[in-house]
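Colleague: Provided below are the primary sequence and the corresponding predicted coordinates.
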Amino acid sequence: MPAPRPSSPVTTPLPGLLPGQRVRARGAGLNEAGRYEPHHREALSDGWDMVEDDALVQTEISREVPKSAISRNASPDLPFDRSVNPWRGCEHGCIYCFARPTHAYLNLSPGLDFETKLIAKPGIGAVLDRELRARSYKVAPIALGTNTDPWQPGEAQYRVTREVVEVLSAFRHPLAITTRGTLIERDIDLLAPMAAEGLVRVGISITTLDQSLARKMEPRAPAPARRLQIIRRLSEAGIPVRLMLAPVIPGLTDHEIEPLLEAAQEAGATSASWISLRLTQEVAGLFRDWLERAEPGRATKVLNRVREMHGGKDYDATFGKRMKGEGLWSRLIADRFRRAAAKLGLDAPQPALRCDLFRVPFARGDQLGLF
């Protein structure tokens, strides 16, 4: 009789995973059901799953046929009233991402699902083209990258963000970008001519210069040094770049304000801004779980300071407070940032985007005017 095979070590899977499945380079340590789901789901093995002990959870990308492209907002905290989101979910896996709760609208978890079950919107460029041609459309800057990163890894294959930029370039439409993805460099051929006409500006988000911390906190985002290289390459192409120091995490990354500003200025950034950590809805539990696993020695300190900045709560969504908090720690961070930015010449706002160049290009089948 053959000797019995040694049993595999018993591990507790994340909610929603089968026994034997595991994750690598992911931010969330939880995958609990979204807040709109009526039932709590837990995957249990019945012995027929055939899951190998080394089975990694893979990124899945599905497609959505977009019905509309432009999303509107009336928030007094935001400098734009419209945006385009070519992606749902984000593979970068940043544990603090304020957009995680949006996955609950899809009956998916804001935890691991948010960074592994992604949705691309092929055809969004054609939808945007149609919306910009409407007689009622009034031009104003469109923001790209306000929810999830438009240049995340899957963009290399799906090119949905490229579709959006191509349309905006053809219409000579003003565009404000937020990203940390290296794939934006692929689209410099479109962005540089737009920048030369005052039609585009870019914000590159950097949270820390500590590569070890970044690897744990933003597991599939470009390394800090690589993001500085993005700033350099865009700047060399004549594209105005702003450092977005976002989020500032009190007790964890706030000591890096000055060196981050210095590194960005040296790389070519011409302005800078900051936003504090926002523990929106499910993000609070996900971030707390991550802190206790990744930074147990600093978890209590970080959470206490976050609450001090939000009136004793994990998060205060009140307009005027949600982006930077309030109280002593908020004032100290704001003062340090203001002083350092002024010293480096990063305190000037980026130039206003031009709206007067907007034009509706000829569509296929249109007749040219005689004169």
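Modeller: That came in fine, so what should we check first?

Colleague: helices of this structure, start to end?
Modeller: Using DSSP state H, the helices of the chain run over residues 112-116, 124-132, 155-158, 160-171, 188-196, 211-217, 224-236, 257-267, 283-294, 299-308, 328-344.

Colleague: comparing the ones you listed, which comes out most buried?
Modeller: Across these, averaging neighbours per residue (mean count of other Cβ atoms under 10 Å) puts helix 112-116 on top, at a mean of 27. For every residue, glycine as well, the C-beta is placed using N, CA and C.

Colleague: show me the contact partners of that helix.
Modeller: 14, 16-17, 23, 26-28, 30-31, 57-60, 89-93, 97, 99-100, 103, 108, 220 (Cβ atoms under 8 Å, 6 or more residues apart in numbering).

Colleague: reformat the helices of the chain as CSV; add mean pLDDT.
Modeller: Formatted as CSV, those follow (pLDDT from 0 to 100):
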stretch, mean pLDDT
helix 112-116, 96
helix 124-132, 98
helix 155-158, 98
helix 160-171, 98
helix 188-196, 98
helix 211-217, 97
helix 224-236, 98
helix 257-267, 98
helix 283-294, 96
helix 299-308, 96
helix 328-344, 97
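
Colleague: who touches the residue lying closest to Arg288 once chain neighbours are set aside in this structure?
Modeller: Leaving aside its chain neighbours, Arg288 sits nearest to Leu303 (6.6 Å; criterion: Cβ to Cβ, 6 or more residues apart in numbering). Leu303 is in contact with Arg288, Leu291, Asp314, counting by Cβ under 8 Å, 6+ apart.

Colleague: how about a cut-off of 10 Å?
Modeller: Contact analysis of Leu303 by Cβ atoms under 10 Å, 6 or more residues apart in numbering lists Pro250, Gly251, Leu279, Ala284, Phe287, Arg288, Leu291, Glu292, Asp314.

Colleague: cool, and Val139?
Modeller: Listed by Cβ under 10 Å, 6+ apart, the contact set of Val139 reads Leu132, Phe171, Arg172, His173, Pro174, Arg354, Cys355, Asp356, Leu357, Phe358, Arg359.

Colleague: how much space between the residue nearest to Arg288 and Pro296?
Modeller: In this view, Leu303 and Pro296 are 12 Å apart by Cβ to Cβ, to the nearest Å.

Colleague: of the contacts of Leu303, just say which sits nearest to Ala363.
Modeller: Leu279 (45.7 Å; Cβ to Cβ).

Colleague: based on its surroundings, how many neighbours for the closest one?
Modeller: 23 (other Cβ atoms under 10 Å).

Colleague: wait, it sits on Pro250?
Modeller: No: counting by Cβ atoms under 10 Å, Leu279 stays clear of Pro250, with 11.8 Å between them.
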